[in-house]
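> model the following, please.
(chains A and B)
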Amino acid sequence: MDIFEKNRANELFAKVIVLALLAAVAVLGQAPTKGWAQRTPDGQPDLEGYWSNVTITPLERPAELAGKAFFTEQELAEREKRAEIPRSAEQIAGTIAHYDFHQYGLDMTQTKHALNLRTSLVTDPADGKIPPLTPEAKKRAAERAAERKKMGPYDGPESRGLGERCIVMAHEGPPMLPPAYNANLQIQQGPGYVAILQEEIHDVRIIPLDGRPHLGPNIRQYLGDSRGHWEGNTLVVDTRNFNDQTNFRGSSENLHVIERFSRIDADTIVYEFTVEDPTTWSRPWTAELPMTKIKGPIYEFACHEGNFDMVNNLTQAREQEKAAGEAAKKK
Amino acid sequence: MVGLAVMAALAPYPAAAQAIAYKAPRTADGHPNLNGIWQALNTANWDIQDHSAAAGTVVSLGAVGAIPPGQGVVEGSEIPYQTWALAKKKENFANRLTADPEVKCYLPGVPRATYLPLPFQIIQGGKSIMIAYEYANAVRNIPLTDPGQSPAPSWMGWSVGHWEGETLVVDVTSFNEDTWFDRAGDFHSDALHVVERYTARSPDTLTYEATIEDPKVFTRPWKMSMPLYRHVEKNAQLLEFKCVEFAEELIYGHLRKKPSK
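Just a heads-up that it's a prediction; the model follows:
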């Protein structure tokens, strides 16, 4: 068996395992939600462990599925099959680079995910669409775009997005939405606290459960300020005090997030969030997605420390400017 | 036996024996409860050895940037550097304004994370212990069962913990060679092995001990120890100190587009 055959055999083996795991997980939107009886040593409902919120369900319902909130199991099986086709950059029209997402585990073929019969993560409004932006939010978006246009795309580090700068990734939230890859997170519970660690970028949200008030209004944070309490088996987390750079789908620093974590079986947490910001959306909206148990552990994602991307991009932009300047002189 | 206990009680800090005199409250599963927000109250992050007050590296910061004096946290006060390594430490010190990984907001490594002048929080679960540091959102997950081989060297290392009576013992290996022990240029290699011991010494203080082993840099293992203090404020919590944006000018400033003349 040469190395290629061996790799292929390993891939097949991995895939069989993944499929076997898939078969075992609850199908969200179909299974009746049972309570999960297990408790942590200090008596909290047990959410501990490593989880992934990866999903193939889009946030908003696609136009062609208007009026259809759920797939049938057969339709879902078809979609699953399509999601498991290994993807590479070559399949994207207009790309010339060879970049096999399958090879690096960046596509769905090697990732365990919970099944979800819903056609959109958005559950409220009932049409599965995020409510329209308010006039104020549209104005803010235009101002933000105008501000960005004042700089070229590679003038300096501030020209790049927060994720590229390794400050915070958009999926971290809250609300936590699945990223393109690496949807791994860990929930740790200690007396009086629940902590949520997202592998990318090693951010821990430490959520006190003692009913204390939020931070004062002058302390603003990228991940906001979270407070939690238990409602039966459900962890309810209230987050405010975002800074004006958080910008969740056009939101302002007035963003208010309420998350609900309900473990329904050994393998599944149902994660629901409601976001409201009267300066951004015409009404609050809610989405729901399953998180599925993974083996772990969470590794160190040292993003900033290895940010050669920033150095390379800025260097290249300066070199191009220099070359353009020299070419202009010759004319 | 009584004599020993009395001696232990009389022994000056830091005496590990002091742990005998104090038994920490227990978590629901019977281990010493180390949950809390803790912070070192010393100048070890400036220099883990004895040091007098001195001017800072940025003259324009005046007294605000000055180095506070402090007594060292290294037992026996000497760090047993190999000859070449002592020269390297001095070079690091000379270049500290740009070479100290803390200046660049890089992950701090262990044990430095413990005595940065910012708090950290221990969240003690049944199967693992998480330590979250305010500085740079650094975090360590410390499993209490063997996690197996580390897949790669890292900034915060590969930790595994176990209980020895009153003490949480954490064995940390698989570091990269890029972190320092302090702003004075004290350093290590990728052969670093740290054994940490966290022991409650009163309701609101811990004793922190770290044994440092690195045969590529030191002639023998050495040890540091210090008390850690609980944040007893009712509203104490870790806040965001995402320092990347404060270090961007330092790291990328020379690559900015210059205003056209």
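> let's see the pLDDT reported for the residue nearest to B:T43 when sequence neighbours are not counted.
Of all residues not flanking B:T43 in the chain, B:G70 sits nearest, at 3.0 Å (CB to CB, 6 or more residues apart in numbering or on different chains). Glycine gets a C-beta too; all of them are placed from N, C-alpha and C. If you check B:G70, the pLDDT there is 97.
> residue contacts, B:A99?
If you count contacts by CB atoms under 8 Å, 6 or more residues apart in numbering or on different chains, B:A99 has them with B:92, B:185.
> what's the pLDDT at it?
95.
> any regions of chain A where pLDDT drops low?
A:1-35, A:85-93, A:95-110 (pLDDT under 70).
> domains in it, by residue range?
A:1-30+A:72-117, A:34-70+A:121-308 (automatic domain parsing).
> quickly find the element holding B:L97.
Per DSSP states H and E, B:L97 falls inside helix B:96-99.
> quick one: name whatever helix or strand follows that helix.
helix B:112-115.
> that following helix vs chain A: in contact?
No - using CB under 8 Å from any CB of the partner chain, helix B:112-115 never reaches chain A; the gap is at least 12.3 Å.
> packing partners of that helix?
The helices and strands touching helix B:112-115, judged by 3 or more CB pairs under 8 Å, 6 or more residues apart in numbering or on different chains; DSSP states H and E, are strand B:205-213.
> any chance of the domains of chain A in JSON lines, plus distance to B:K90 and mean neighbour count?
Below are the domains of chain A laid out as JSON lines (distance: least, CB to CB, whole Å; neighbours: other CB atoms under 10 Å in any protein chain shown):
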{"stretch": "domain A:1-30+A:72-117", "distance to B:K90": "43", "mean neighbour count": "14"}
{"stretch": "domain A:34-70+A:121-308", "distance to B:K90": "25", "mean neighbour count": "18"}
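> closest one to chain B among those domains?
domain A:34-70+A:121-308 (3.8 Å; CB to the nearest CB).
> give me the distance from that closest one to the chain's centre.
7 Å (CA atoms, centre = their mean, to the nearest Å).
> same check on stretch B:109-122?
Offset of stretch B:109-122 from its chain centre (CA atoms, centre = their mean): 5 Å.
> buried set for that stretch?
Across stretch B:109-122, burial judged by 16 or more other CB atoms under 10 Å in any protein chain shown covers B:109-116, B:118-122.
> quick one on the thing from earlier: can I get the domains of chain A in JSON lines with distance to B:H254?
Shown next, in JSON lines, are the domains of chain A (distance: least, CB to CB, whole Å):
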{"stretch": "domain A:1-30+A:72-117", "distance to B:H254": "29"}
{"stretch": "domain A:34-70+A:121-308", "distance to B:H254": "11"}
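> could you pull out the helices for the chain?
Using chain A here. A:3-24, A:73-83, A:135-149, A:308-330 (DSSP state H).
> let's do chain B instead
Using DSSP H, helices in chain B cover B:2-10, B:18-21, B:83-94, B:96-99, B:112-115, B:244-252.
> point out where chain B drops to low pLDDT.
In chain B, residues with pLDDT under 70: B:1-20, B:260-261.
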